[in-house]
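Engineer: Here is the input, now give the coordinates:
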Amino acid sequence: MCRQPRPDIGDKNAGFTILEVLIAIAVVATVLTAIGALTGATTRGVRALEQHVVVVETARSVLATLRSSTPLSSSETAGELYGNRWRIGISPFPVGAVPDSPWVPATVTVRVQSPSGAALDVQTIRLQQKSQ
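Structural biologist: Below is the predicted model:
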């Protein structure tokens, strides 16, 4: 005759202990925290990159408005584009004109500042023909 286990006494190895459940919850919480931190860092990076692209595009647009045929005068101009403030400063190049050259260099400085405070400074040199 075969002995059958009593239905009121279960297998002692079935189920999890409270300690095993707590360890599993701690591991899952640690993994979720790491994923959350990574997602947050990625989101901040994407936001900063988007902001930088807008500031650079604003600087490009402002520089593109300078016509090559229009003579530059030593002055400063300011405005707003794409929600960013910009300022162009034009000044004589420190070295000055080269003798017997039909060209005069000028320093063009563009500063673009976003509403959040991020700023971009671009400095370039532009040659223009000497006025005769």
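Engineer: So which residues of the chain form helices?
Structural biologist: Taking DSSP state H as the criterion, the chain contains helices spanning 18-64.
Engineer: Report the distance from the helix or strand of it with the lowest mean pLDDT to the chain centre.
Structural biologist: Taking mean pLDDT, DSSP states H and E as the measure, the chain has strand 75-81 as its least confident helix or strand, at a mean of 83. Centre-to-centre, strand 75-81 and its host chain are 23 Å apart (Cα atoms, centre = their mean, to the nearest Å).
Engineer: Can you give the strand pairings for it, parallel or anti for each?
Structural biologist: In the sheet containing strand 75-81, the strands it pairs with under DSSP bridges are strand 84-92 (antiparallel).
Engineer: between the strand it pairs with and helix 18-64, how big is the angle?
Structural biologist: For strand 84-92 and helix 18-64, the angle between their directions (axes from the mean of the first three to the mean of the last three Cα atoms, to 10 degrees) works out to 40 degrees.
Engineer: And strand 84-92, what's buried?
Structural biologist: Of the residues in strand 84-92, those with enough neighbours to count as buried (16 or more other Cβ atoms under 10 Å) are 84, 86, 88, 90. Any C-beta I mention is one placed from the backbone N, CA and C, and that applies to glycine too.
Engineer: Give the residue spans of the protein that score low on pLDDT.
Structural biologist: When the per-residue scores of the chain are filtered using pLDDT under 70, the ranges that remain are 1-14, 67-74, 96-98, 132.
Engineer: try 90
Structural biologist: Per-residue confidence for the chain (pLDDT under 90) gives these ranges: 1-17, 47-48, 50-55, 57-84, 86, 88-108, 114-119, 124-132.
Engineer: ok, back up a step: what residues does the least confident helix or strand of the chain touch?
Structural biologist: Taking contacts as Cβ atoms under 8 Å, 6 or more residues apart in numbering, the residues outside strand 75-81 that touch it are 58, 61, 62, 85, 86, 87, 88, 89, 90.
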